[in-house]
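J.: here is the input, now give the coordinates:
(2 chains)
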Amino acid sequence: MGNYLVLDHVTKIYNSNDGKVHSLMDISLSVEPNEFLCIIGPSGCGKTTLLRLIAGLDTPTSGKITLNGVEVKDPSPERGMIFQEFSLFPWRNVLKNVEFGLEILGIEDRQDVAEHYLNLVGLDKVKNKYPYELSGGMKQRVAIARALATNPSILLMDEPFGSLDAQTRNMIQDELLKIWEMTRKTIIFVTHSVDEALYMADRIIVMSRSPGKIIEELKVDVERPRERTDAAIVKERYKILKLLGVEMKKIENI
Amino acid sequence: MRERTNEKWMWLIPIVIAAILWEILAIIIDDPSLLPRFSMIVVSFYELAVEGYLFLDISMSLYHFVIGLLAAFCVGVPLGIFMGWFKKIFVLLDPIVELIRPIPPLAWIPLTIAWIGLTHSAAGFIIFIGALFPILVSTYTGIKDTPRVLIDTGKVLGCTTDLKLIRHIALPYSLPSIATGTRLGMGVGWMCVVAAEMFGVSPSGLGYRLFSEFHQWSQLDYVIAYMLLIGIIALCLDRLFRYLVEDKLFKWKEGIVR
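T.: Modelled structure (predicted):
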């Protein structure tokens, strides 16, 4: 079993005004190639921090993250990231946004590559538009195309569909699954939606809040395409919601 | 359609009314040494354009203006980028900037004469002082305001150095802000033209003529004609800038165009 991305006792402590905050406490986790992993937990459980550490945008206070045995220290186009907030460069049109990473890498025929990925997310028709002309769902699809364009092996997604309406969200989830099956990327997907996690993931990590710890790990052994109301899914859903419910109580009691 | 044509010419109405009121007021006062009539100013314009040095003065003033503005842009933008991007540089330089910023460009005249003498560059320097700070402040504000998510995106997509992040993310993001600062700087800089030419850097220029000739000879109608001219030129410069830079360059920015 090739452990590919490994988090080894990763802890992240932030210094805030109230003293030290354990954002992440002793996280150990390994992710396999082509896996679709969802991380779920209440807000403030350090899900985003975890992704930022894997992306190399932050460094762990202690512990180590390795990818193919090499320690992760800096951001790299090898690990693509899609953010919760809209992150398109407003001064570039859609095509130029998708080309961005290739431009930085100095790749010559970037337009073909960019157009290929725009096709993949079904947005080749709007390639000359500017971000302000796009809907929220389109923006995130362009962001996905942009992250894919540099051909990363891992895609880190931080609640990318959090601000979309329910219909758009369901649609874009299917699209992402399609892309995932076509490109065979490893995806680590942070969400606070149990439905979303159960619909998409191979494996789900449930996290607790203060300190951010892994409290449960479960495999979703349901064939795709899944029904959102599948009996197995409903059962798992109940279990996760119960776990999260306990977490929510903890927040209320503070 | 009819309404739109009307709207297009609406700006003329207040100007015409102001001119008529002015004319009436001047007739009532009946003292050209206090308020010359508007019609007199129009005649003065004609005289100055045909027999005076109007065009020479305009080009001389624009020359001084360009020196000052160009210098302010070349100093203000890079300095603003450094101050906006590197927190330490900002902390170090901000007190100095805020100390010098409130000093009026006029107060710099004695020092300018001592340092540079009575040259075109001296006039340019006064205009430079006036235009620098709006450009500087808008530049560092724009750079500082660059959303974190855009910078993170840049990092993830391969911008590994500060230079790359500035060039590909922070600078393009700040361009509208820099443009606004430049526009403000142009306004302040142009206001400094009269002061910059007052102390005799050249025997021509709008400020020189207004202050050293018309004022000395109590030609109030010429003074007013030149005052209006200064305003009109500023208006044209501003419109030109907006047309060339903001409308063309910032199509991507919703709301900035209109």
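
J.: mind listing what's buried along stretch A:165-179?
T.: Taking 16 or more other CB atoms under 10 Å in any protein chain shown as the basis for neighbour counts, the residues of stretch A:165-179 that come out buried are A:168-170, A:172-173, A:175-177, A:179. C-betas here are computed from N, CA, C, even on glycine.

J.: before we move on, what about stretch B:230-247?
T.: By 16+ other CB under 10 Å, the buried positions in stretch B:230-247 come out as B:230, B:233-234, B:237, B:241, B:245-246.

J.: from those residues, which land in helices?
T.: For the buried residues of stretch B:230-247, membership in helices holds for B:230, B:233-234, B:237, B:241, with DSSP state H as the criterion.

J.: and the residues you listed, which is closest to chain A?
T.: Within the set of these, B:F241 lies nearest chain A; the separation is 19.1 Å, counting by CB to the nearest CB.

J.: that closest one is in contact with B:G185, isn't it?
T.: No - if you go by CB atoms under 8 Å, B:F241 and B:G185 don't touch, sitting 10.5 Å apart.

J.: which strand or helix spans the residue positioned nearest the centre of chain A?
T.: The structure's chain A has its C-alpha centroid closest to A:M157; by CA atoms, centre = their mean the separation is 1.8 Å. Element membership of A:M157 [criterion: DSSP states H and E] is strand A:154-158.

J.: quick check: buried residues in stretch A:115-128?
T.: Counting neighbours by 16+ other CB under 10 Å, one finds that the buried residues in stretch A:115-128 are A:115, A:117-118, A:120-121, A:123-124, A:126-127.

J.: before we move on, what about stretch B:192-202?
T.: Buried positions in stretch B:192-202, judged by neighbour count with 16+ other CB under 10 Å: B:192-199, B:201-202.

J.: in JSON lines: the ones in helices among the buried residues of stretch B:230-247, plus pLDDT.
T.: Listed next are these as JSON lines, based on pLDDT from 0 to 100:
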{"residue": "B:I230", "pLDDT": "94"}
{"residue": "B:I233", "pLDDT": "95"}
{"residue": "B:A234", "pLDDT": "95"}
{"residue": "B:L237", "pLDDT": "94"}
{"residue": "B:F241", "pLDDT": "92"}
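
J.: which of the residues you listed sits closest to A:K249?
T.: Using CB to CB, B:F241 is the member of these that sits closest to A:K249, with 60.0 Å.

J.: for the closest one, which non-adjacent residue is closest in space?
T.: Of all residues not flanking B:F241 in the chain, B:R183 sits nearest, at 5.7 Å (CB to CB, 6 or more residues apart in numbering or on different chains).

J.: name the SS class of that neighbour, please.
T.: The three-state assignment at B:R183 reads helix, by DSSP: H, G, I helix; E, B strand; the rest coil.

J.: that one touches B:R239, doesn't it?
T.: No - in this structure, B:R183 sits apart from B:R239 without contact. The criterion is CB under 8 Å, and the distance is 10.7 Å.

J.: which residues touch the nearest residue to B:I169 once chain neighbours are set aside?
T.: What sits nearest to B:I169 in space, not counting adjacent residues and going by CB to CB, 6+ apart, is B:G154, at 4.3 Å. B:G154 makes contact with B:164-165, B:168-169, according to CB atoms under 8 Å, 6 or more residues apart in numbering or on different chains.

J.: assign a three-state SS to residue 239, would you?
T.: Picking chain A for this. At A:K239, secondary structure determined by three-state DSSP is helix.

J.: I was after chain B.
T.: For B:R239, the assignment made with three-state DSSP gives helix.

J.: confidence score at it?
T.: We have a pLDDT of 92 for B:R239.

J.: now do it against B:F86, distance only.
T.: Distance, B:R239 to B:F86, using CB to CB, to the nearest Å: 36 Å.

J.: A:L88 now?
T.: A:L88 is 26 Å from B:F86, where distance means CB to CB.

J.: flag every residue of the stretch 151-258 of chain B that's near chain A.
T.: Listed as neighbours of chain A in the stretch 151-258 of chain B under the rule CB under 8 Å from any CB of the partner chain: B:152-153, B:155-160, B:164, B:168-169, B:172-173, B:175, B:251-254.

J.: so what's residue 85 up against?
T.: If you meant another chain, say so; for now it's chain A. With contact taken as CB under 8 Å, 6+ apart, A:E85 is in contact with B:147, B:149.

J.: my bad, the chain I had in mind was chain B
T.: B:W85 makes contacts with B:143, B:162, B:166, B:170, as judged by CB under 8 Å, 6+ apart.

J.: and the gap between it and A:I144?
T.: With distances defined as CB to CB, the gap from B:W85 to A:I144 amounts to 29 Å.

J.: re earlier: so which of the contacts of B:G154 wins on neighbours?
T.: For those, the largest neighbour count, defined by other CB atoms under 10 Å in any protein chain shown, is 24 neighbours, found at B:I169.

J.: wait, it sits on B:L150?
T.: Yes - when contacts are counted by CB under 8 Å, B:I169 is listed as touching B:L150 (5.5 Å).

J.: circling back: mind checking which of the contacts of B:G154 land in strands?
T.: When DSSP state E is applied, these are split such that none fall in strands.

J.: now B:I233: closest residue in space that isn't a chain neighbour?
T.: By the measure of CB to CB, 6+ apart, the closest residue to B:I233 outside its immediate chain neighbours is B:I58, 6.8 Å from it.

J.: residues touching the one you found, list them.
T.: Residues counted as contacts of B:I58 (CB under 8 Å, 6+ apart) are B:206, B:229, B:233.

J.: not counting its neighbours along the chain, what's nearest the second one?
T.: Nearest-residue entry for B:L229: B:L206, 6.6 Å, with adjacent residues in sequence omitted and distances by CB to CB, 6+ apart.

J.: okay, now the one you found: neighbour count?
T.: 25.

J.: and what of B:L21?
T.: For B:L21, which is what you asked about, the neighbour count (other CB under 10 Å) is 11.

J.: what about it, which SS state?
T.: When the structure is reduced to helix, strand and coil (three-state DSSP), B:L21 reads as helix.

J.: and what of B:L34?
T.: Secondary structure state of B:L34, per three-state DSSP, is coil.

J.: same check, this time on B:L118
T.: Note that with three-state DSSP, the state of B:L118 is coil.

J.: dump the residue contacts of it.
T.: Neighbouring residues of B:L118 by CB under 8 Å, 6+ apart: B:199-201.

J.: just read off the phi/psi values of it.
T.: phi -90, psi 80 (degrees, to the nearest 10).

J.: distance-wise, check A:W91 relative to chain B.
T.: Between A:W91 and chain B the distance is 5 Å, computed by CB to the nearest CB, to the nearest Å.

J.: number of residues surrounding that residue?
T.: Other residues within reach of A:W91 by the criterion other CB under 10 Å amount to 20.

J.: mind listing the strands for the stretch 1-150 of chain A?
T.: Ranges of strands in the stretch 1-150 of chain A, per DSSP state E, counting those that start in this stretch, are A:5-16, A:19-31, A:36-40, A:62-67, A:70-71, A:79-82.

J.: pull the contacting residues for A:R237.
T.: A:R237 touches A:194-195, A:198, counting by CB under 8 Å, 6+ apart.

J.: please read the previous query as pertaining to B:A26.
T.: By CB under 8 Å, 6+ apart, the contact set of B:A26 is B:32, B:35-38, B:40.

J.: how does it look with 6 Å?
T.: When contacts are counted by CB atoms under 6 Å, 6 or more residues apart in numbering or on different chains, B:A26 is found next to B:35, B:37.

J.: if you average pLDDT over the helix or strand it falls within, what comes out?
T.: Under DSSP H and E, the secondary-structure element containing B:A26 is helix B:12-29. For helix B:12-29, the mean pLDDT works out to 93.

J.: same check, this time on stretch B:107-119
T.: Rounded mean pLDDT across stretch B:107-119 is 93.

J.: so which bits of that stretch are buried?
T.: Within stretch B:107-119, the residues that count as buried by 16+ other CB under 10 Å are B:108-109, B:112-113, B:116.
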